[in-house]
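> Quick one, structure for this:
(one chain, ligands or ions: 2)
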Amino acid sequence: MTLRIFPITPEFAAEVGDVDLSQPLSGTVEQAIKAAFWQYGVLIFPDQQLSAEEHLRFARVFGPLETSIAVHQPQAKLRLAAEFADVSNLTVRDQLWGEDSRARLFALGNRLWHTDSSFRQIPAYASLLYARSIAPIGGHTEFADLRAAFDALPPDQRAALRGRVLEHSIFTSRAKLGFHDFAQAERDALPPVQQVLVRTLPQTGRESLYLASHAGRVIGLPDAEGLALIDALTTHATQRQFVYTHRWRVGDLVLWDNRCTAHRGTEFDDLRWRRDYQRVSVADVANSCAQAQLTLGP
Ligand code: OGA
Ligand code: MN
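Residues are numbered from 1 along each chain as shown. Ligands and ions are numbered 1, 2, ... in the order given. As a prediction, the model looks like this:
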């Protein structure tokens, strides 16, 4: 069995074949997967049959796992273990969510362009989303290449953006949807954090925008000017030439690099179709501002 990499787009998304992620991988195969991950940013592993434990084991290849933010929601009954983000439209009793369910309205945040956990002090490095059942139409996931988007900016704009810092909060992205239904304990558990706007990826030396709907302020700019900048850059970065749309098959595991990609889910008839996806995210090594200081030196 030799690992095969099939590019879907020249530089951004690739399928990985001839690998069974339910089995422990050799060091050589792990290294080859990591190299492809750093090169592309989005990898698709089709036709996997994974238990929860096997999904977690493959995720741990990339580093320590995050705990789902759902653990901060008072009275939330979870379908899955704390390391999983439940990206389904299902209740604990395996029924479709009702139209007004809080979980449903909260999950609409996934329809806005974002990168996972940028609202945490230590954001997500990699995410691994696994499809157990899919909607027959709609419910795709779009990915934007934020490295290519940065490279396409004029040099003077790139220079002006380097060193900028943004404030991210989960409550910012939800407020954009008019969703404010949070208990004080939930707000206290997830205070706003700072992240750099331009990241340098240590493995490749490439630079990338780091943007999410969670970002609400640019430090040092008036609020309105900051929001206008975030909006303009997001519009730039999500133009079609930077976007790969993943149309899911049951058994797809999609792995992406949150440091240099943004993603969003597309609409589907969620009151009619079951869409049962599970995500495990791997924590980054440090806050992005701290990493930038490490890269730039004293
Ligand atoms: C996620 C996410 C989008 C989707 O799992 O982090 O944003 O299409 N998912 O389900
Ligand atoms: Mn996400």
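> wouldn't V280 be in contact with F62 here?
No. Using C-beta atoms under 8 Å, V280 makes no contact with F62, being 9.5 Å away. C-beta coordinates here come from the backbone N, C-alpha and C atoms, glycine included.
> now stretch 15-33, how far from the centre of its chain.
Distance, stretch centre to chain centre, for stretch 15-33: 22 Å (C-alpha atoms, centre = their mean, to the nearest Å).
> dump the residue contacts of L50.
L50 sits next to L21, S22, F58, Y130, L253 when contact means C-beta atoms under 8 Å, 6 or more residues apart in numbering.
> Assign it to helix, strand or coil.
coil (DSSP: H, G, I helix; E, B strand; the rest coil).
> tally of neighbours for the residue nearest to N89 when sequence neighbours are not counted?
Residue nearest to N89 in three dimensions, not counting chain neighbours: D270, with 4.5 Å by C-beta to C-beta, 6 or more residues apart in numbering. As a burial measure, D270 scores 20 neighbours (other C-beta atoms under 10 Å).
> Is D270 in contact with S101, as I believe?
No. With contacts counted by C-beta under 8 Å, D270 stays clear of S101, the gap being 10.3 Å.
> For H246, see how far away A175 is.
28 Å (C-beta to C-beta, to the nearest Å).
> if I read this right, R259 contacts P202, doesn't it?
No. Taking C-beta under 8 Å as the definition, R259 is not a contact partner of P202, at 9.6 Å.
> moving C-terminal of the helix or strand harbouring F171, what's the next helix or strand?
Following DSSP states H and E, one finds F171 within helix 170-176. For helix 170-176, the succeeding helix or strand toward the C-terminus, using DSSP H and E, is helix 184-189.
> Just give me the closest of the contacts of L50 to ligand 1.
Using C-beta to the nearest ligand atom, Y130 comes nearest to ligand 1 of the contacts of L50, at 9.8 Å.
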